[in-house]
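Student: with the sequence up front, the predicted model follows.
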Amino acid sequence: MNSTKNILKISYPIILTLVAQNVVNVTDTAFLGRVSEVALGASAIAGVYYFAIFMVGFGFSQGAQILIGRRNGEENYSQIGPIFNNSLLFNGFFALILFVASLVGMPHLMKVLVSSHQIYVATLEYLDWRIYGFFFVFLNVVFRSFYVGITDTRILTTSAFVTAITNIIFDYLLIFGKFGFPELGIAGAAIASVIAEAASLGYLIFHTSVFTDMKKYGLFSSLKVDFKTMGQILNLSIFIMFQFFISISTWFLFFIFIERMGERPLAVTNIGRSMYILLMIPASALATTAGTLVSNLIGAGQKDEVLKTTNKIIGITLLMVSPLIVFAFIFPELFAHIYTDDHSLMLASIPVIRVVSVAIAFFAVGCVIISAVSGTGSTKTAFYMEVVTLFFYITFVYYTAIINPQEVWVVWMSEFVYWTMIGGLGFWYLRKGNWRAKDI
């Protein structure tokens, strides 16, 4: 189970999935970078707001994934269906609540946080459409948790490519108004993303219904609420949900602080964000693999293999990201040109891209470790680690962006603070913590 071949077998479809998903991110940023700096900057704030809400639903699915991985390791397949079914019900209802809350509260929140009127108007123009995506993406991640939990990740690649291709087509049609479609600018990017997420969900439902052994796993056998099963999932996922939400919310504050430095620093930061997410792909995929393998190993009674497997995945991850780090650091202007034709904006982006490229090495190690901690079922411990780390992270950001304003690339050094701390705490816990005594 923990051989290099098996690790890569599980990881490579997730990598392809993330590549396809990030085509969406890169396409949106690249197209909007050619609309205006205001659109580029506003999409950063709006995108991180959407991502923060999305991560709450994703956090619930991670609890389901840990349980599915554990039952899969135990070969207790019939118990997987109730976990999946109740996750669909919970996330569907949760999407409705968050949609209504965003619809009502979003304009007031942005009015308080965003200082530029132009950025404020463009941010709402994007989010007024983008929040409809909650209904699709919250269900998408439940299917993802099922396939990752049973270590059959191939379908996720096709699903992600459906998302990417649909998004690219509708981005082009709706942002620029091609082939008779209206020219909607930043709103067009939001609508394209919602259509893409709907197409992905349609594909996942179709594939699962036709090609997956639903009887074996008990999928869709009963869509009635089972409070016991839902309680088990929430017991694991509630701290992941809080962890992800406060983590991304803090990143949202990062962008709000940058916005107060001006429209150019915000545009530069959105280019850095897009680059960062792009370079994260191999490490993110291997971190997901670490979490599900740890859960499967414990379910199979192989707790002694957990630390060894985590270390092996860290080594593989560093090996995979090193060429990307070197290339991005040496040729940052090639990446900057993807997002803008404005020469001065390209030059301003280069220091941020270089900082981001080096930060990926720290991200790679820290992300695998904290995912392994969650995979043990110690989600409460992972949450506490997050809270402690974020205190130091946001203090650094606030000081360098607001109290004693520095260049944008200095503010981005906060990523080194974050991943060094959370990786160190997580590694200590895997070596010395009491996770071996947990039973879920």
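Tutor: Structure received.

Student: tell me the pLDDT of the residue of the chain most remote from its centre.
Tutor: In the chain, the residue that sits farthest from the middle, by C-alpha atoms, centre = their mean, is G180; the gap is 34.1 Å. Looking at G180, its pLDDT reads 91.

Student: from I168, how far off is it?
Tutor: 18 Å (C-beta to C-beta, to the nearest Å). Where C-beta positions appear, they are placed from N, C-alpha and C, glycine not excepted.

Student: ditto for T212
Tutor: Distance, T212 to I168, using C-beta to C-beta: 28 Å.

Student: I'd say Q79 and R71 touch.
Tutor: Yes. In this structure, Q79 is within contact of R71 by C-beta atoms under 8 Å, at 4.8 Å.

Student: quick one: residues contacting Y276.
Tutor: V356, A359, I360, E415 (C-beta atoms under 8 Å, 6 or more residues apart in numbering).

Student: so where does it fall, helix or strand?
Tutor: helix 263-279 (DSSP states H and E).

Student: ditto for N86
Tutor: helix 80-113.

Student: what of V373?
Tutor: In this structure, V373 is located in helix 343-375 according to DSSP H and E.

Student: give me the buried positions along whichever helix or strand comes after that helix.
Tutor: Downstream of helix 343-375, the first helix or strand assigned by DSSP H and E is helix 379-398. For helix 379-398, burial by neighbour count (16 or more other C-beta atoms under 10 Å) applies to 379, 381-383, 385-386, 389-390, 393-394, 396-398.

Student: pLDDT check: weakest of the residues you listed?
Tutor: On pLDDT alone, T379 ranks lowest of the buried residues of helix 379-398, at 83.

Student: need the nearest residue in space to it, chain neighbours excluded.
Tutor: The shortest distance from T379 to any non-neighbouring residue, by C-beta to C-beta, 6 or more residues apart in numbering, is to F239 (4.2 Å).

Student: distance check, the one you found against A401.
Tutor: 29 Å.

Student: and for D152?
Tutor: 44 Å.

Student: which one of those two has more residues nearby?
Tutor: A401 (23 against 14; other C-beta atoms under 10 Å).

Student: wait, that one sits on W412?
Tutor: No. Between A401 and W412 there is no contact under C-beta under 8 Å: 10.2 Å.

Student: mind giving me the packing neighbours of the helix holding V373?
Tutor: helix 37-73, helix 263-279, helix 281-299, helix 306-330, helix 332-339, helix 379-398, helix 408-411, helix 414-432 (3 or more C-beta pairs under 8 Å, 6 or more residues apart in numbering; DSSP states H and E).

Student: rebuild those helices as CSV, extending it with distance to L174.
Tutor: Formatted as CSV, the helices and strands packed on helix 343-375 follow (distance: least, C-beta to C-beta, whole Å):
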stretch, distance to L174
helix 37-73, 13
helix 263-279, 19
helix 281-299, 26
helix 306-330, 30
helix 332-339, 19
helix 379-398, 34
helix 408-411, 30
helix 414-432, 33
